[in-house]
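1. sequence first, then the predicted structure, then my questions.
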Amino acid sequence: MAQAEIGLIGLGTMGSNLALNIAEKGHTIAVFNRTVSRVDEFKANAGALTDRIVPCHSLDELAATIRPPRPTILMVVAGQAVDDQIANLRQVLSPNDIIIDAGNADFNDTRRRFAELAGTGLTFIGMGVSGGEEGARHGPSIMVGGTQESWHRVEDVILAISAKYNGEPCAAWLGPDGAGHFVKTIHNGIEYADMQMIAEVYGLLRDGLGMSAKEIAPVFSKWNDGRLNSYLIEITAKVLEADDPATGNPVVDIILDRAGQKGTGKWSAIEAQKLGVPATAIEAAVAARVISSMKTEREAAQAAYGRTSGNIRIDRDRLFHDLELALFAGKIAAYAQGFAVMDAASKAFDWNVPLPTVSRIWRAGCIIRSQFLGTIADAFSSGSVANLLMAPAFVQMMGEAHPSLRKVVSIAAEAGLPVPALSAALAYFDGYRQGRGTSNLIQAQRDFFGAHGFERIDQPGAHHGPWSYSA
Ligand code: 6PG
């Protein structure tokens, strides 16, 4: 009876596209969906791939259709729906079968599910998938967490459906339990920072120089041919060029300035804080989305304080050059933060996440794909560094780019235009490279009000200051 090599539950856009991708690579796939009518509709619309799709109308049928060890992909909304499906699958699957959660799960949930399933005989894999609808259909970047043994049981299919960068699959096993979902979360955190910094530069061009969307588009196109070359810069140019069919205006001008978020950016910031790793550019990007959602309050504040003139009076070509370098410097800082968070999590959870591999599998398929990730992979492969900012290639690139970041942040501050992620990136860099900072004063204050003690520069041990504690 068993006819399929793999199963998939959840035929939303991502699930449908992933199923078609799997079928296209020659695998027969059994599919199930909570709204069961979707299953036959999906097969009917699968075109030439229909013969490799086995529609199942119940979980019992799904289990009977997939050949043991029954790898079964869940592509359902993260959260309770995943727990519900796992509970249902436990009724129909057998020991050794493999449940693969391919949604954007919180890695804490993945770790919990992994522990809950340990001992049941079922194997759990937490698999981050990036690339949106298009990636799911034609090749996403895939970040796998689970036992290495379970990876070996599914790797042929996973490698086959993944994006390829110069022929190399953009999929890999990154460590036990939550490692894959953690790396996917940080991918998204970096995605937030990248997008926010691009939006900040767009704001300087639109409000500071008064440029139209059509005028800004070629600036991004040109940058896409240089060091900023990446999917996000490429689509920014395309977005800015597009017209709204209803009004004929640039579509970007009719979109409300209120950005949504599903949680991964926020989780990146939370986990960074928990691990004690500064990820300020990512945090700033998350906060900027929150401020964007406060549309009514922002309008009231603009009425109360007045609108800043925003005008930037400066040679345009010079500014374009500085903006390109500023974006690059901001990007370096944001990626340095994201990788530092992954490194800390890897140590805290004993995952041994291979950072060069992470960079390599992000070179194609995922939303933050870019050649820059190849440079990061080389930096991590050529020796251990405390932070990406300390890799020799990055010392050189950041050395060249940070003066422009400084200039852009100060121009924006003068003009009253918000650049929170770029500012955070600059402050992170300046703080990181300051041999003697100012926390000697913080220590003195802590000792003054709480007798917390401090270390001296000239003697070992804990010391107190010569202050009296009577307020
Ligand atoms: C990806 C995307 C994908 C999705 C995010 C968007 O890697 O393919 O990041 O995961 O688009 O969920 O996240 P927000 O809705 O939070 O912006």
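-> Looks like it came in fine. Numbering: from 1, shown residues only.
2. for the residue of the stretch 351-471 of the chain found nearest the ligand, which three-state class applies?
-> Here the residue of the stretch 351-471 of the chain nearest the ligand is I367; by CB to the nearest ligand atom that distance is 4.3 Å. Using the backbone N, CA and C atoms, a C-beta is placed for each residue, glycine as well. Here I367 is recorded as coil under DSSP: H, G, I helix; E, B strand; the rest coil.
3. care to break the protein down by domain?
-> 6-177, 185-432 (automatic domain parsing).
4. and the pLDDT for Q371?
-> Listed pLDDT for Q371 reads 89.
5. in contact with the closest residue to it other than its chain neighbours: list those residues for me.
-> Take Q371 and drop its neighbours on the chain: the residue closest to it by CB to CB, 6 or more residues apart in numbering is N229, 5.5 Å away. Contact analysis of N229 by CB atoms under 8 Å, 6 or more residues apart in numbering lists W223, S370, Q371, F372.
6. narrow the residues you listed to those in helices?
-> Residues from the contacts of N229 lying in helices, with DSSP state H as the criterion: W223, F372.
7. near the ligand, which residues of the stretch 151-300 of the chain are found?
-> Within reach of the ligand by CB under 6 Å from any ligand atom, the stretch 151-300 of the chain has these residues: N188, E191, G260, Q261, K262, T264, G265.
8. just give me the closest of the residues you listed to V219.
-> For those, the residue nearest V219 by CB to CB is E191; the value is 21.4 Å.
9. am I right that L8 is in a strand?
-> Yes: assessed by three-state DSSP, L8 belongs to a strand.
10. circling back: which of the residues of the stretch 151-300 of the chain next to the ligand are buried, as a PyMOL select command?
-> Buried subset of those, written as a PyMOL selection, criterion 16 or more other CB atoms under 10 Å:
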select buried, resi 188+191+264+265
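11. quote the end-to-end distance of stretch 153-168.
-> 20 Å (CA to CA, to the nearest Å).
12. may I see the buried residues of that stretch?
-> So, applying 16+ other CB under 10 Å, buried residues of stretch 153-168: R153, V154, E155, V157, I158, L159, A160, I161, S162, A163, Y165.
13. quick one: the helices in the stretch 351-471 of the chain, in order.
-> 355-361, 372-381, 392-415, 420-432, 439-450 (DSSP state H, counting those that start in this stretch).
14. need the contact partners of the third one.
-> When you say that, I think you mean helix 392-415. Applying CB under 8 Å, 6+ apart, the external contacts of helix 392-415 come out as 200-201, 204, 207-208, 308-312, 314, 319, 321-326, 328-330, 332-333, 336, 375, 378-379, 388-389, 418-419, 422-423, 425-426, 429.
15. most proximal residue of the stretch 51-200 of the chain with respect to the ligand?
-> Using CB to the nearest ligand atom, the single residue of the stretch 51-200 of the chain nearest to the ligand is S130, 3.1 Å away.
16. need the contact list for the spatially closest residue to S381 that is not a sequence neighbour.
-> Using CB to CB, 6+ apart and skipping the chain neighbours, the partner closest in space to S381 is P356 (4.4 Å). By CB under 8 Å, 6+ apart, P356 lies in contact with A377, F380, S381.
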